[in-house]
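In: A structural model of the following input is requested.
(2 chains)
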Protein chains: 2
Amino acid sequence: MRATYEVLCEYGYAGLTIQRIAEAYGKSTAAVHYHYDTKDDLLAAFLDYILGRFRDAVHEVETTDPERRLDLLLDRLLVDSEDHRDLLVAILEMRSQAPYVDAFAERFQQNDEYVRYMLRTVIDHGVREGAFAEADAEHVASALLTIVDGARTRAVVLDDPDALATARRAADEYVTAVLLDEG
Amino acid sequence: MRATYEVLCEYGYAGLTIQRIAEAYGKSTAAVHYHYDTKDDLLAAFLDYILGRFRDAVHEVETTDPERRLDLLLDRLLVDSEDHRDLLVAILEMRSQAPYVDAFAERFQQNDEYVRYMLRTVIDHGVREGAFAEADAEHVASALLTIVDGARTRAVVLDDPDALATARRAADEYVTAVLLDEG
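Out: Prediction:
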């Protein structure tokens, strides 16, 4: 997975080959093929790995205070990606292939469902505790993920170093408006 | 351009060839090559064409009432794309190639600048007229385009038929919060 990460960051999705992964991995292509039949199988496993890392990062968010917890989740989604610009480039290529590669579409859908569930849970929790105003948690979670996905796309397509910070600020404004009733 | 549109919708970016365009155009590949050296040259011209169409659609928005005008611009950006799902798929592929193809990066940046300028202008106008609250027009325009780009990405990657409607609703909530002071 580390070898895949390195090759993706250096060559992008189109330039990723089993040969290059084997070189980064320090083994033969046969050793790579032993685990993965095709490049897309390997990349599907890589998406599982990235999702697993994201889940681990989310589990480190230990606070149960809803406002603080939502804040930290949005940081994980928007601020932490700033250091991984090359990975964002490769992931946008894989995203654009989702209509053609079922294994990618499945992973992106699973990932989205998982993050939407996390957001919905903290929103519902905050509404029950009275920390947030009454809200359609499912819609708010989808709206926040629309901002996250927009930022990731814009960071890559427009090569805009401010895309994630702009989105972080917009997400705050949105949360204040729909969940915090005048903040 | 119509032939390019048809081929893109049917085969996507990766499946687009000069041969297929020539067939849809009803001419020889030489006739296509007379105008465009490469597939990417042709697609850069196609992006100019799409941008031109979008400008025409924007010019049809004749109202000068700021709130109504902003509403109609957001409809053009989010509602009107609903009928062009195949085109969204092909455009996301081209977007993902922007880091590798300068001609694409330029077009997407130009397009974004143009739309941001349109949004900024209507926001500034509304602020001057007192229809909108004081606001950082540049930030609000970028935030709205983050929502638009997120919706377009999600419509394709998650194959989510509600992605544009969710974003349209989120854009309304955002505009109400930052420009309308309690709607």
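In: now check stretch A:104-124, is it near chain B?
Out: Yes - Stretch A:104-124 comes into contact with chain B (C-beta under 8 Å from any C-beta of the partner chain), by way of A:105, A:108, A:109, A:112. C-betas here are computed from N, CA, C, even on glycine.
In: got phi/psi on the first one?
Out: Here the main-chain torsion angles of residue A:105 (degrees, to the nearest 10) amount to phi -60, psi -40.
In: just give the nearest non-adjacent residue to it, would you?
Out: Residue nearest to residue A:105 in three dimensions, not counting chain neighbours: residue A:98, with 4.2 Å by C-beta to C-beta, 6 or more residues apart in numbering or on different chains.
In: ok, the third one next?
Out: Leaving aside its chain neighbours, residue A:109 sits nearest to residue B:158 (5.7 Å; criterion: C-beta to C-beta, 6+ apart).
In: poorly predicted segments of chain A, please.
Out: Low-confidence segments of chain A, defined by pLDDT under 70: A:181-183.
In: 50 instead?
Out: Within chain A, the ranges that satisfy pLDDT under 50 run A:183.
In: what about the helices in it?
Out: Secondary structure of chain A (DSSP state H): helices at A:2-11, A:18-25, A:29-35, A:39-59, A:66-74, A:85-96, A:102-129, A:137-157, A:163-179.
In: report the angle between the longest one and helix A:85-96.
Out: The one in question is helix A:102-129. Going by axes from the mean of the first three to the mean of the last three C-alpha atoms, to 10 degrees, helix A:102-129 is angled at 110 degrees with respect to helix A:85-96.
In: state the distance from residue A:153 to residue B:91.
Out: Using C-beta to C-beta, to the nearest Å, residue A:153 is found at 11 Å from residue B:91.
In: let's check: the centremost residue of chain A is which one?
Out: What sits nearest the mean C-alpha location of chain A, by C-alpha atoms, centre = their mean, is residue A:77, with 6.2 Å.
In: just give the nearest non-adjacent residue to that one, would you?
Out: What sits nearest to residue A:77 in space, not counting adjacent residues and going by C-beta to C-beta, 6+ apart, is residue A:148, at 4.8 Å.
In: next up, the contacts around the one you found.
Out: A:74, A:77, A:78, A:167, A:171, B:150 (C-beta atoms under 8 Å, 6 or more residues apart in numbering or on different chains).
In: now those in TSV, with distance to residue A:12?
Out: Formatted as TSV, these follow (distance: C-beta to C-beta, whole Å):
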residue	distance to residue A:12
A:74	28
A:77	23
A:78	22
A:167	23
A:171	28
B:150	22
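In: any idea which of those is closest to residue A:56?
Out: Nearest to residue A:56 among those, counting by C-beta to C-beta, is residue A:77 at 14.3 Å.
In: report the separation between the closest one and residue A:120.
Out: 14 Å.
In: can you give me the distance of residue A:29 to residue A:10?
Out: 18 Å.
In: got the buried residues for stretch A:48-66?
Out: Buried residues in stretch A:48-66, counted by 16 or more other C-beta atoms under 10 Å in any protein chain shown: A:50, A:51, A:54, A:58, A:61, A:66.
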